[in-house]
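Student: Okay, structure incoming, though there's no sequence with it:
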């Protein structure tokens, strides 16, 4: 304001119409008005003075119009700021809801991961149990095979023992039969020898009878000499022969007697030996039979024990097979549950991925729209800058024209200029206040945007790995807020330029 007064003072001084000792505009308004009115009337006359008054009224009307438009622009800015605040609150609530949904999705994913880990752990445990059961079953099968082999070997051993026992019994029976046959042969031989001995005894008796007859004949023949000599010779010869035969028979009888005695002794010894052999054979057979029977009983007991063990093993194998079937059924159920859970997780994951893709697509669309809006905003800013420069240039030209007109108005113009200066000062103060308020609002918006940006960055740093989408949403919200604010600012500037 002071620079403008100095310019006016210089203009008046250059024209030489004003005295340097004139009263200051800061002095009494009535004195200045009177002095300048006189000067203006002297310079312009009554008609020119009226024209100057009409021009001043026009300027005053224009100033009032500018003030009204500025007030309207200020009110529109306030309304837009309130709308922006409401939209920012709505976007913040939407952002918080999106964050909560993403946190819920993350918690669900964590729960599904834990459930999958539990299923995998249970599957591993069941697989280990199944493996152990299979190993136990294979071991039981091997033991059963071994027991079967053992039972077969024991059966074979029992058969061998029975066969050996039967062979021993057959051998003993054969030996007994042979001994009995040998005894029978010896008995037959003894009987034959007894018969021969009886025959020899009968022959000796016959020879004795013959000798007695011969002796009788000898006595008979002793009566006759002829017959006696002949008979004697014949008898001698015959007697000699008979004696030789008797001696031979005696020798044979002795030999037969000795042989019969030997045979009797041999038969007795054979009988005793047979009895001893029979006793030994019976004792051996009894002991062997008893031992074999004991072995057979032991083998039967072992076979029974093996069969019982086999039955127990078969029962155990059946139990293990039932348990294995139950385990397999449980494993099948768990596998089906795991497959169902995997399918549900897959479907949920696909749904989440589709939602994430949709959100990413929407974010890309919003980013593209944001870039377009930024380009539009830059173009609008450039146009606004050009319009502001043009308006500034026009204002400067108007101010220069105004200065020239004020320089030409003289004293009345000086009074009007003083009044206008005071009004302009008030208007400028109001404009400055409005501009300061607008700048403060813009600064507040920028500060809110910076705070939102800082919060977004902090949230992005905290949730960069798990929640990339909320950052984009927040950027989109902030970009829309900036876009709305820039659009409102551009509209307000355009309205102000149009008003100017």
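Tutor: Perfect, I can see it now. Keep in mind the model is a prediction, meaning the values are calculated, not measured. Numbers count the residues shown, from 1 in each chain.
Student: From residue 336, how far off is residue 343?
Tutor: 10 Å (Cβ to Cβ, to the nearest Å). Using the backbone N, CA and C atoms, a C-beta is placed for each residue, glycine as well.
Student: Give me the pLDDT for residue 44.
Tutor: The confidence metric pLDDT takes the value 55 at residue 44.
Student: Check residue 290 too.
Tutor: pLDDT at residue 290 comes out at 71.
Student: Can you give me the distance of it to residue 173?
Tutor: To residue 173, residue 290 is 17 Å away according to Cβ to Cβ.
Student: Please give the number of neighbouring residues around residue 64.
Tutor: Look at residue 64: counted by other Cβ atoms under 10 Å, it has 12 neighbours.
Student: ok, now residue 290?
Tutor: 11.
Student: What helix or strand is it located in?
Tutor: Element membership for residue 290 (DSSP states H and E) is helix 226-462.
Student: How about residue 177?
Tutor: Using DSSP H and E, residue 177 sits in helix 29-221.
Student: Let me see the domain layout of this structure.
Tutor: 39-124+347-499, 146-332 (automatic domain parsing).
Student: Any idea which of those has the lowest pLDDT on average?
Tutor: Among these, domain 146-332 scores lowest, with a mean of 67.
Student: what about residue 370, how many residues close to it?
Tutor: Using other Cβ under 10 Å, residue 370 is surrounded by 19 other residues.
Student: go on, the one 10 residues further on?
Tutor: By the criterion of other Cβ under 10 Å, residue 380 has 19 neighbours.
Student: Tell me how far it lies from residue 449.
Tutor: Look at residue 380 and residue 449: by Cβ to Cβ, they are 18 Å apart.
Student: same deal with residue 439?
Tutor: 15 Å.
Student: Of those two, which one has the most company?
Tutor: residue 449 (17 against 12).
Student: Quick check: the more buried one vs residue 422, distance?
Tutor: Distance, residue 449 to residue 422, by Cβ to Cβ: 40 Å.
Student: just residue 430 next, same as before
Tutor: Residue 430 is 13 Å from residue 422, by Cβ to Cβ.
Student: just residue 251 next, same as before
Tutor: Taking Cβ to Cβ, one finds residue 251 at 204 Å from residue 422.
Student: what about those two, which has more around it?
Tutor: residue 422 (13 against 10).
Student: distance of the more buried one from residue 375?
Tutor: Distance, residue 422 to residue 375, by Cβ to Cβ: 46 Å.
Student: next one: residue 448
Tutor: Residue 448 is 24 Å from residue 375, by Cβ to Cβ.
Student: One more: residue 304?
Tutor: 101 Å.
Student: same question, residue 405
Tutor: 44 Å.
Student: Ok, residue 437 next?
Tutor: 30 Å.
Student: Please say which of these two ends up with more neighbours.
Tutor: Between residue 437 and residue 375, counted using other Cβ under 10 Å, the more crowded position is residue 437 (13 against 10).
Student: Now do the contacts for the closest residue in space to the more buried one that isn't next to it in sequence.
Tutor: Excluding the flanking residues, the one nearest residue 437 by Cβ to Cβ, 6 or more residues apart in numbering is residue 74, at 7.0 Å. Residue 74 is in contact with 434, 437-438, counting by Cβ atoms under 8 Å, 6 or more residues apart in numbering.
Student: change it to 10 Å
Tutor: 430, 433-435, 437-438, 441, 492 (Cβ atoms under 10 Å, 6 or more residues apart in numbering).
Student: Closest one of these to residue 294?
Tutor: Nearest to residue 294 out of the contacts of residue 74 is residue 441 (Cβ to Cβ; 119.3 Å).
Student: ok, that closest one touching residue 77?
Tutor: Yes: look at residue 441 against residue 77 with Cβ atoms under 10 Å: they come within range, at 6.7 Å.
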